[in-house]
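S.K.: Okay, here's the prediction I keep looking at, along with the sequence it came from:
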Amino acid sequence: MRRPAGAGVLSGRGAVRGAIGANGVTAASRALAVAALIALIGLLPWLSGNDPALTILRATSAEREATAEVLDAIRQRLGLDRGPLGTIGHWLAGLAHGDLGTSWISGAPVGPGTLEAFRVSLTLMGAALAVAVLTAALLTAPALRDALTGRRRSRGGAAAAALTSLPEYLLAPVLLLLLSVYAGWLPPYGWGDLAHLVLPALSLGLPAGGLLGGLVADAVAAVTAEKWVATWATAGIRGPALALAVLRRALTPLTGQVALVVVGLTGGAVAVEKVFAIPGLGRALLGSATAQDVPALQAGVILLLALALGAGALASLTRRLLLAGAHGAGGVAAAPAVTSPGRGARLVALAGALALTALVLAGVARDPYTVVASRLQAPSATLLLGADALGRDVLARVAHGAVSTMLAALAVTAVCLLIGLLLGLVPRASTGPIEVANAAPPVLAGLMVAAVTGPSALGAALAVTCVGWAPLAAHAAALVQEARERPDVAIAPVLGEGRVRVTLTRVLPAVVGPLLRHAALRLPGIALALAGLGFLGLGAQAPEPEWGLVLAEALPYIERAPWAVATPAAALVLLSVTAVAASRTGRR
């Protein structure tokens with residue numbers, strides 16, 4: 001059949017209008033998400049439930065009577081007498097003039113102290129990033145060598161997996177124990193000279209380097225299998241020229257992961273600064289959240305979010321520069337995945353799960369609250385793993401902590417799965433919230449929730465949920481877009497099926513299965529995030545036997561009673577190794 005004149009032009013115009021509309025929805029989503037986040041930070045004084053005027057009066061003039069006139073004068077000075085919208089306007093106007101607010105606790109401007117703490121944290125994160133890059137380079141070197149010599153390499157390495165499986169709040173006390181307490185090579189606490197920087201930088205940089213090194217090594221192995229590499233080698237292009245081309249090809253799709261590593265450093269710095277008593281922004285934010293000093297928390301959160309968003313923008317620019325020079329080196333499409341049966345990873349995941357189960361069965365019948373021995377008693381036949389600082393059974397507390405932590409993680413994962421599935425059904429509209437949530441580590445969300453509700457197990461679960469749904473939503477959005485491009489889904493409306501019916505009968509069945517498997521793989525990671533907030537004092541409170549809290553309570557006695565630290569640390573290592581191994585079984 002002959003097409004009507006101008007049909008091609010009309011269809012082309014329709015496609016252009018559709019593309020413009022889609023881009024407009026995405027841009028609006030990003031703008032609204034950023035605006036909502038700024039509004040949320042600006043509304044923290046109203047959401048906290050504490051009267052800032054009374055808090056400031058008690059902190060600055062405890063003997064002064066809290067009369068209505070005095071409190072009104074303080075509210076007027078802080079701009080809190082203008083209602084929520086007026087509060088945001090006053091806060092934003094102050095930001096525009098470099099005024100970060102006034103502390104509710106000290107009554108002093110928060111700007112100078114926050115900026116100085118931010119400078120310390122930037123120094124620490126810069127050193128940690130250097131450690132991460134060096135570690136990633138060492139882990140990538142064998143894969144690059146194999147690429148240049150023409151040997152095939154299976155994905156992943158044990159060293160990268162081992163480093164990735166150690167969260168910062170766990171690696172920091174281990175390094176402190178080994179290199180400072182036992183070996184005496186480095187100072188344990190404080191900030192000043194270069195020696196004080198080594199342990200914190202290693203604690204932050206080694207896990208990040210393990211993650212980056214594993215990703216880059218896998219990508220290099222995948223690129224090596226592409227035909228253009230063999231063509232270049234046959235043509236005599238070898239050595240540094242081929243190595244640079246392979247690296248450029250491998251790094252291009254990974255620039256976003258580098259941004260996520262920087263975001264991870266901002267969250268990990270809070271725990272590391274706490275362990276090593278570093279006067280950085282993370283430690284200052286932790287103190288502000290605990291004391292519910294909202295203006296100090298606002299200032300720090302804004303700086304960290306600016307750092308995270310700036311890292312994302314820099315990663316996007318780097319990707320464009322790499323793409324600009326990628327012509328002739330395999331194109332710009334994503335590298336194919338390196339296939340592997342993953343049998344070893346499955347065995348490690350199974351062994352870790354069995355070990356955790358055995359730990360729970362050994363201690364769940366014991367009482368985690370009752371004092372049963374002298375404080376810090378060493379392991380014995382009756383106390384297999386010793387006693388803590390109060391004389392409670394460490395095995396019982398760790399076993400019960402496993403149950404409470406995993407149950408909380410299961411609930412959080414289920415909520416994240418539901419949120420991710422619902423938002424994934426509107427992929428363009430959810431772009432902004434997904435990007436903003438990915439830019440905020442769980443620690444940052446935990447600080448904000450603690451400022452509003454106070455530290456609690458429920459608050460920690462809410463904080464992890466606030467950011468944990470984003471990867472699932474991104475995966476669901478990709479699956480939804482892929483399903484809607486199938487021929488049977490595209491033709492369904494022509495056959496009389498409505499949009500809701502198509503979604504329920506054709507799209508959702510293609511999305512739910514892979515998303516459930518993804519959520520199951522994220523379960524141990526969510527448990528680690530909850531334990532991390534507990535370690536920082538933002539989760540469950542004493543005397544609850546929560547893993548992170550048990551580790552934090554034992555940390556001051558690491559030299560006198562290393563078993564009190566080693567038991568919760570070993571449990572967390574088991575969980576972390578299981579999480580990493582399980583995630584690698586899911587990669588193809």
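M.R.: Structure received.

S.K.: for the one helix or strand Ala230 maps to, packing partners?
M.R.: Here Ala230, judged by DSSP states H and E, is contained in helix 227-234. When contacts are defined as 3 or more Cβ pairs under 8 Å, 6 or more residues apart in numbering; DSSP states H and E, helix 227-234 packs onto helix 239-251. C-betas here are computed from N, CA, C, even on glycine.

S.K.: export the helix it packs on as PDB, just CAs?
M.R.: The C-alpha coordinates for helix 239-251 follow below in PDB (Å, rounded to 0.1, in the frame of the first residue of the first chain):
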ATOM      1  CA  GLY A 239      51.900  -2.500  24.100                       C
ATOM      2  CA  PRO A 240      50.900   0.900  25.600                       C
ATOM      3  CA  ALA A 241      48.700   1.900  22.700                       C
ATOM      4  CA  LEU A 242      46.500  -1.300  23.000                       C
ATOM      5  CA  ALA A 243      46.500  -1.100  26.800                       C
ATOM      6  CA  LEU A 244      45.300   2.500  26.700                       C
ATOM      7  CA  ALA A 245      42.500   1.600  24.200                       C
ATOM      8  CA  VAL A 246      41.400  -1.300  26.300                       C
ATOM      9  CA  LEU A 247      41.400   0.800  29.500                       C
ATOM     10  CA  ARG A 248      39.400   3.600  27.800                       C
ATOM     11  CA  ARG A 249      36.900   1.100  26.500                       C
ATOM     12  CA  ALA A 250      36.600  -0.600  29.900                       C
ATOM     13  CA  LEU A 251      36.400   2.600  32.000                       C
END
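
S.K.: Show me what counts as buried in that helix.
M.R.: 242, 245-251 (16 or more other Cβ atoms under 10 Å).

S.K.: Would you reformat those residues as a markdown table and include distance to Gly42 and pLDDT?
M.R.: Shown next, in a markdown table, are the buried residues of helix 239-251 (distance: Cβ to Cβ, whole Å; pLDDT from 0 to 100):
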| residue | distance to Gly42 | pLDDT |
| --- | --- | --- |
| Leu242 | 53 | 80 |
| Ala245 | 48 | 82 |
| Val246 | 47 | 81 |
| Leu247 | 43 | 81 |
| Arg248 | 42 | 80 |
| Arg249 | 44 | 79 |
| Ala250 | 42 | 78 |
| Leu251 | 38 | 77 |
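
S.K.: In those, find the pair that's most separated.
M.R.: Spatial extent of the buried residues of helix 239-251 (Cβ to Cβ) is set by the pair Leu242 and Leu251 at 14.8 Å.

S.K.: Packing partners of the host helix or strand of Ala570?
M.R.: Using DSSP H and E, Ala570 maps to helix 562-585. Applying 3+ Cβ pairs under 8 Å, 6+ apart, we find helix 562-585 packed against helix 158-164, helix 168-175, helix 343-363, helix 394-424, helix 508-535, helix 547-554.

S.K.: what ranges of the stretch 251-400 of the chain fall below the confidence cut-off?
M.R.: 253, 255-257, 260, 292, 312, 316, 319, 322-344 (pLDDT under 70).

S.K.: now the helices: where do they sit in it?
M.R.: 255-275, 281-291, 294-324, 343-363, 394-424 (DSSP state H, counting those that start in this stretch).

S.K.: Tabulate the ones you listed in TSV, adding columns for mean neighbour count and distance to Ser103.
M.R.: As requested, the helices of the stretch 251-400 of the chain are exported to TSV (neighbours: other Cβ atoms under 10 Å; distance: least, Cβ to Cβ, whole Å):
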stretch	mean neighbour count	distance to Ser103
helix 255-275	24	19
helix 281-291	24	8
helix 294-324	19	5
helix 343-363	16	43
helix 394-424	21	32
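
S.K.: Format those as a markdown table; extra columns: distance to Ser374.
M.R.: Output for those, formatted as a markdown table (distance: least, Cβ to Cβ, whole Å):
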| stretch | distance to Ser374 |
| --- | --- |
| helix 255-275 | 27 |
| helix 281-291 | 31 |
| helix 294-324 | 40 |
| helix 343-363 | 19 |
| helix 394-424 | 13 |
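
S.K.: Out of the ones you listed, which gets nearest to Asp51?
M.R.: helix 294-324 (11.3 Å).

S.K.: Quick check: buried residues in stretch 363-374?
M.R.: 363, 366, 368, 373.

S.K.: Now for the third one: which residues touch it?
M.R.: With contact taken as Cβ atoms under 8 Å, 6 or more residues apart in numbering, Pro368 is in contact with 392-393, 396-397, 399-401, 545.

S.K.: and if we set it to 7 Å?
M.R.: Pro368 makes contact with 392-393, 396-397, 400, 545, according to Cβ atoms under 7 Å, 6 or more residues apart in numbering.

S.K.: follow-up on the earlier one: mind saving the C-alpha coords of the helix holding Ala570 as PDB?
M.R.: This file holds the C-alpha atoms of helix 562-585, laid out as PDB (Å, rounded to 0.1, in the frame of the first residue of the first chain):
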ATOM      1  CA  PRO A 562      40.000  -8.500  71.800                       C
ATOM      2  CA  TRP A 563      37.500 -11.400  71.800                       C
ATOM      3  CA  ALA A 564      34.600  -9.000  72.600                       C
ATOM      4  CA  VAL A 565      35.400  -7.100  69.400                       C
ATOM      5  CA  ALA A 566      36.400 -10.200  67.300                       C
ATOM      6  CA  THR A 567      33.100 -12.000  67.700                       C
ATOM      7  CA  PRO A 568      30.700  -9.300  66.300                       C
ATOM      8  CA  ALA A 569      33.500  -8.400  63.800                       C
ATOM      9  CA  ALA A 570      33.700 -12.000  62.600                       C
ATOM     10  CA  ALA A 571      29.900 -12.200  62.300                       C
ATOM     11  CA  LEU A 572      29.900  -9.100  60.200                       C
ATOM     12  CA  VAL A 573      32.700 -10.400  58.000                       C
ATOM     13  CA  LEU A 574      30.800 -13.600  57.400                       C
ATOM     14  CA  LEU A 575      27.700 -11.600  56.500                       C
ATOM     15  CA  SER A 576      29.700  -9.300  54.300                       C
ATOM     16  CA  VAL A 577      31.500 -12.100  52.500                       C
ATOM     17  CA  THR A 578      28.200 -13.900  52.000                       C
ATOM     18  CA  ALA A 579      26.800 -10.700  50.500                       C
ATOM     19  CA  VAL A 580      29.700 -10.200  48.100                       C
ATOM     20  CA  ALA A 581      29.700 -13.900  47.000                       C
ATOM     21  CA  ALA A 582      25.900 -13.800  46.500                       C
ATOM     22  CA  SER A 583      26.100 -10.700  44.400                       C
ATOM     23  CA  ARG A 584      28.800 -12.300  42.200                       C
ATOM     24  CA  THR A 585      26.600 -15.400  41.600                       C
END
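
S.K.: next one: that helix to chain centre, how far?
M.R.: 17 Å (Cα atoms, centre = their mean, to the nearest Å).

S.K.: residues of that helix that come out buried?
M.R.: Neighbour count says helix 562-585 has 562-585 buried, by 16+ other Cβ under 10 Å.

S.K.: How about stretch 117-125?
M.R.: Quick answer for stretch 117-125 (16+ other Cβ under 10 Å): 117-118, 120-121, 123-125.

S.K.: How many neighbouring residues does Pro379 have?
M.R.: 16 (other Cβ atoms under 10 Å).

S.K.: So it sits against Val394, correct?
M.R.: No. Assessed by Cβ atoms under 7 Å, Pro379 is found out of contact with Val394, at 8.3 Å.

S.K.: Name the residues contacting each of these two.
M.R.: Common neighbours of Pro379 and Val394 (Cβ under 7 Å, 6+ apart) are 385-386.

S.K.: tell me, what residue is most central in this protein?
M.R.: Geometric centre of the chain, nearest residue: Pro441, 4.0 Å, by Cα atoms, centre = their mean.

S.K.: Surely that one and Gly264 touch.
M.R.: Yes. Under the criterion of Cβ under 7 Å, Pro441 is in contact with Gly264, at a separation of 6.1 Å.
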